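Student: Need coordinates for the below:
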Amino acid sequence: MKDKPYLSLQLRTFASEEPESWSPVIDQAVAADRAGIGKVVVSDHVVFGENLDAYADPTLGGVAGGKQPTGPDGLWLDPLTVLSVIAGRTSKIRLGTNILLAALRRPAVLAKSVATLDVLSGGRVDLGVGVGWQKEEYEACGLDFSSRGRLLDHTLEVCQLIWAEEKADYDAPELTFSSIHAMPKPLQKPGVPLWVSGTVNKHSMARLAKFGSGWIPWGQDAVNISKGIEAMRNEVSALGRDPSSIAVVGTLPIVREEDGINMSATMESVPSLVASGVTDFRAYLPIPTGVEEATDYLSGVVERFREVV
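Tutor: Prediction:
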């Protein structure tokens, strides 16, 4: 079942230059938790090559016209480590990745790390995953970029198996094991919800239909979200999955004016987006510094949002 629509925040856990402190990132998460924001998410890169133009190539998994937000020497914090810190400072807000390049991690180790985070957070983890766009990142991890789709599917298969079964057996070209015990299990049953990122294409829709609790649209499907949701629902329905069970990320359309954000106008589009199927409204907002100031600001945004959903 999908949750009632909620607001989420993408935390900026990367920087082009060394910041004075990363504490403001954690402060934003604390404020979001206090204000009633539904989820915070963090992004992922393990390493960079120097061909960042690939980010603008949809055939490689990028987005047309896109620009990578840092250069190759940008600082990107490890997402699961960041979420572990946030888990210790918060109590209600859900903790997500948007997205984790899951195929770059060994499946059993990833399953263990995510299960541990779910236990320590009280069952608040959502694992958003995707294939990425950077060949050099796969090469640095000893993996074949051209096989990235199958590598991701394999990783998700192992994670879901280990999370759900007390004694797990697995047999595939990539990996074989038998009678494996992995404890603790995630608090969420049968396992941590998986959110699958991608455009509406054969491979990503098969992945979503098989593994996904939620969909993170990409490219034009994220830009024209209503059309993208309709296409997604048609594809997963044809694969035998009930599309009404799939939650969807959409961007909250911010209406900016000379004196700041027009919050009333911003919220006007929310009911129609809810009707189209958006459940997770990603809000890109100018959040004040300081926990108290940020809490006050976000509390007002949450109040306005709840008035229209």
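Student: alpha carbons only for contacts and neighbour counts from here, please
Tutor: Fine.
Student: got a list of what residue 273 touches?
Tutor: residue 226 (Cα atoms under 8 Å, 6 or more residues apart in numbering).
Student: Mind listing what's buried along whichever strand or helix holds it?
Tutor: Here residue 273, judged by DSSP states H and E, is contained in helix 270-276. Residues of helix 270-276 classed as buried by neighbour count (16 or more other Cα atoms under 10 Å): 270, 273-274, 276.
Student: Quick one: low-confidence residue ranges for this protein.
Tutor: For the chain, the stretches with pLDDT under 70 are 1-2.
Student: Mind doing that once more with 80?
Tutor: Within the chain, the segments meeting pLDDT under 80 span 1-3.
Student: In PDB, list the C-alpha atoms belonging to stretch 79-91.
Tutor: Provided in PDB are the C-alpha atoms of stretch 79-91 (Å, rounded to 0.1, in the frame of the first residue of the first chain):
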ATOM      1  CA  PRO A  79      25.200   7.900   1.500                       C
ATOM      2  CA  LEU A  80      24.700   5.000   4.000                       C
ATOM      3  CA  THR A  81      27.200   6.500   6.400                       C
ATOM      4  CA  VAL A  82      25.400   9.900   6.200                       C
ATOM      5  CA  LEU A  83      22.000   8.200   6.800                       C
ATOM      6  CA  SER A  84      23.500   6.400   9.800                       C
ATOM      7  CA  VAL A  85      24.400   9.700  11.400                       C
ATOM      8  CA  ILE A  86      21.000  11.200  10.600                       C
ATOM      9  CA  ALA A  87      19.300   8.100  12.000                       C
ATOM     10  CA  GLY A  88      21.000   8.800  15.400                       C
ATOM     11  CA  ARG A  89      19.700  12.400  15.400                       C
ATOM     12  CA  THR A  90      16.100  11.800  14.300                       C
ATOM     13  CA  SER A  91      13.100   9.700  15.300                       C
END
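Student: what's next to it, contact-wise?
Tutor: So stretch 79-91 is contacted by 13, 26, 29-30, 33, 42-44, 95-97, 100, 113-114, 117, 120-121 (Cα under 8 Å, 6+ apart).
Student: now with 7 Å?
Tutor: Residues outside stretch 79-91 that contact it (Cα atoms under 7 Å, 6 or more residues apart in numbering): 26, 29-30, 33, 42-44, 95, 97, 117, 121.
Student: Narrow the residues you listed to those that are buried.
Tutor: Neighbour counting by 16+ other Cα under 10 Å classes 26, 29-30, 33, 42-44, 95, 97, 117, 121 among the contacts of stretch 79-91 as buried.
Student: Okay, and residue 250 sits in which element?
Tutor: strand 247-251.
Student: helix or strand right after that strand?
Tutor: Counting by DSSP H and E, what follows strand 247-251 is strand 256-257.
Student: Now find how far off-centre the helix or strand just after that following strand is within its chain.
Tutor: Toward the C-terminal end, the helix or strand that comes next after strand 256-257 (DSSP H and E) is strand 260-261. Centroid separation for strand 260-261 versus its chain: 27 Å, with Cα atoms, centre = their mean, to the nearest Å.
Student: all strands of the chain, in order?
Tutor: Using DSSP state E, the strands found in the chain span residues 6-10, 14-15, 39-42, 75-76, 94-97, 125-129, 168-172, 175-180, 194-198, 214-217, 247-251, 256-257, 260-261, 280-282.
Student: Remind me what the fifth one packs against, helices and strands.
Tutor: Which is strand 94-97. strand 39-42, strand 125-129 (3 or more Cα pairs under 7 Å, 6 or more residues apart in numbering; DSSP states H and E).
Student: TSV for the strands of the chain, including distance to residue 61?
Tutor: Listed next are those as TSV, based on distance: least, Cα to Cα, whole Å:
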stretch	distance to residue 61
strand 6-10	20
strand 14-15	20
strand 39-42	19
strand 75-76	19
strand 94-97	17
strand 125-129	13
strand 168-172	25
strand 175-180	25
strand 194-198	8
strand 214-217	12
strand 247-251	18
strand 256-257	30
strand 260-261	32
strand 280-282	21
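Student: quick one: which of those is nearest residue 305?
Tutor: strand 6-10 (7.9 Å; Cα to Cα).
Student: What is that closest one packed up against?
Tutor: Using 3+ Cα pairs under 7 Å, 6+ apart, strand 6-10 sits against strand 39-42, strand 280-282.
Student: Partner strands of that strand, with direction?
Tutor: When pairing is defined by DSSP bridges, strand 6-10 lines up against strand 39-42 (parallel), strand 280-282 (parallel).
Student: Can you tell me how far the residue nearest the centre of the chain is from residue 44?
Tutor: Nearest to the geometric centre of the chain sits residue 98, at 2.5 Å (Cα atoms, centre = their mean). Between residue 98 and residue 44 the computed distance is 8 Å (Cα to Cα, to the nearest Å).
Student: now residue 59
Tutor: Taking Cα to Cα, one finds residue 59 at 20 Å from residue 44.
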